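In: mind looking at a prediction? Sequence and model below.
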Amino acid sequence: MTLAYNWISPTYGGTCTERYTAVLEKPQGRQVNLRELFFCLFVEQKTPANCDWRRAKGDAPMDGGLIYLAGFLLALLFMWLLGAEIRALLERRQARNGTYHTLAECEHVIDELSKRLTREPRSWEIYVRRGEAFAFLGDHQQAIRDFTRALSMRQEDASILVRRGRSYYKLRKFDEAIWDCTRALANNPHYIPAHGLRGQAYFGSGAYELAVRDYTRSIELNPEHVQHYINRGQAYYKLKQYREMLQDSDHALRLKPDSASAHVNRGQAYYGLGNYEMAVEEHGQAILLNPGYALAYLNRGRAHAANHADEQALLDFNKAITINPRYARAHYHRARLYQGLRQYTRAMQDYQQALQVDPHYCKALYGRGMLAYEQKDFSTALNDLTQALTINPRCVPALTARSLCYVYLKQNNHALADARQVVEIEP
């Protein structure tokens, strides 16, 4: 069977007849020329309104649906190819610019940058971009290697030093992070990111006064940066300077009234001042601004517990753990609550969970040791308290409790040694 069609050309205004013939049944004939059909349908815009379809033999009209279907499929193919080309173009641009938003995009960028480094092994910029991509993936060891390679070509670049310092900080290598920031500041004393990161590293290492100094310098250089006030407030909290923390939180809220973190800081300051009702209120404000803020639930739970509202405290601890099941601090504080309620089995489960997340969590080891002590399992208590003191040798409560364990186990010399150490730490 053959197909033929005539049309009245709207372009030239006259009648012009063109005939295309295609044999649809194989193997006798050839295939339909789809490119020509697509051109006729979509470029010349021939439609059933100006087409007269008929069979080659006879005058019976013929349906043109097959042609439209072929054209439609070709259009879909064209759009798919166009989309694939656009995606490939965007991926190449992402690799070139080092931009990504997902782990998959980041891994593709790393592959592209690695290929470029085989062609341009002396390009420090590519090493920096790949290092940032590795840091985005959480592979800070590889990020440090790339930043170090870049620094071998640009030894005094403050921005690269801070990038490497940030990866050291993520690995809890605070001394290395402090050293990189100090080198950066030697080259550029007004480089705010270096002051901010060094303050975080000092905070992580327990040098809270030095952290306050760096955060204060960051604020002097940029008084409109909210996060510096929040960070300095946290350092004030560790120094038990709660009123200074409250002042920083107020300043942060003036700059950014919808800052949930600033409300959390205010709540912590009120908690430190013993105003638990205001602490509950401020953390409630933070939760309204950010319903998924696990820290706000944790701190509000602590305030409820301090105010002897155990049921509300338990609800908040449960919510914090629901948001983040691996939240070691939430498990620890819920364990303490259960321990106070004499629900020892549940308390032990939470201590175990906290230590599974962070095996070096000193407070959880101390809490589990005290739980064993309350149940008169002095050998188990001694083991946990000793582990806690390995992490923090100056933990007075752990030294005191271990001294009592030695007394019950009739190891008086060890008990006396721990008692003397307590006196040395707190004369």
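Out: Received it, and whenever you're ready, just let me know what you need.
In: any low-confidence regions in the stretch 251-400 of the chain?
Out: Residues of the stretch 251-400 of the chain that meet the criterion pLDDT under 70 are absent altogether.
In: in what helix or strand does the residue nearest the centre of the chain lie?
Out: By CA atoms, centre = their mean, the chain has its centre lying nearest to Phe136, at 8.6 Å. Secondary structure from DSSP states H and E places Phe136 in helix 124-137.
In: quick one: contacts of that helix?
Out: By CB atoms under 8 Å, 6 or more residues apart in numbering, the residues outside helix 124-137 that reach it are 98, 100, 103, 106-107, 109-110, 113-114, 116-117, 120, 140, 142-147, 149-150, 153-154, 160, 163-164, 166-167, 170. Every C-beta, even on glycine, is put in place using the N, C-alpha and C of the backbone.
In: after it, next one along is what?
Out: helix 140-153.
In: average pLDDT for that next one?
Out: Taken as a whole, helix 140-153 carries a mean pLDDT of 95.
In: run the angle between that helix and helix 124-137 for me.
Out: Interaxial angle of helix 140-153 relative to helix 124-137 (axes from the mean of the first three to the mean of the last three CA atoms, to 10 degrees): 160 degrees.
In: please report phi then psi for Asp377.
Out: Asp377 adopts backbone torsions of phi -100, psi 80, taken as degrees, to the nearest 10.
In: just checking, next helix/strand downstream of the helix or strand hosting Ser379?
Out: Using DSSP H and E, the element containing Ser379 is helix 378-391. Remark: after helix 378-391, the chain's next helix or strand is helix 396-408, criterion DSSP H and E.
In: how far does the next helix or strand after that following helix sit from its chain's centre?
Out: Using DSSP H and E, the helix or strand that follows helix 396-408 towards the C-terminus is helix 412-425. In terms of CA atoms, centre = their mean, to the nearest Å, the centre of helix 412-425 is set 44 Å apart from its chain centre.
In: now Thr216: closest residue in space, sequence neighbours ignored.
Out: With sequence-adjacent residues excluded and distances taken as CB to CB, 6 or more residues apart in numbering, Thr216 is closest to Arg232, at 6.6 Å.
In: with only the CA atoms kept, save the helix or strand where that neighbour lies in PDB.
Out: Element membership for Arg232 (DSSP H and E) is helix 226-238. Output in PDB follows, covering the C-alpha atoms of helix 226-238 (Å, rounded to 0.1, in the frame of the first residue of the first chain):
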ATOM      1  CA  VAL A 226      26.000  38.000  63.900                       C
ATOM      2  CA  GLN A 227      27.800  34.700  64.200                       C
ATOM      3  CA  HIS A 228      30.800  36.300  65.900                       C
ATOM      4  CA  TYR A 229      28.600  37.600  68.800                       C
ATOM      5  CA  ILE A 230      27.000  34.100  69.100                       C
ATOM      6  CA  ASN A 231      30.500  32.400  69.200                       C
ATOM      7  CA  ARG A 232      31.900  34.800  71.700                       C
ATOM      8  CA  GLY A 233      28.700  34.300  73.800                       C
ATOM      9  CA  GLN A 234      29.500  30.500  73.900                       C
ATOM     10  CA  ALA A 235      33.000  31.200  75.100                       C
ATOM     11  CA  TYR A 236      31.600  33.500  77.800                       C
ATOM     12  CA  TYR A 237      29.300  30.600  78.900                       C
ATOM     13  CA  LYS A 238      32.300  28.300  79.400                       C
END
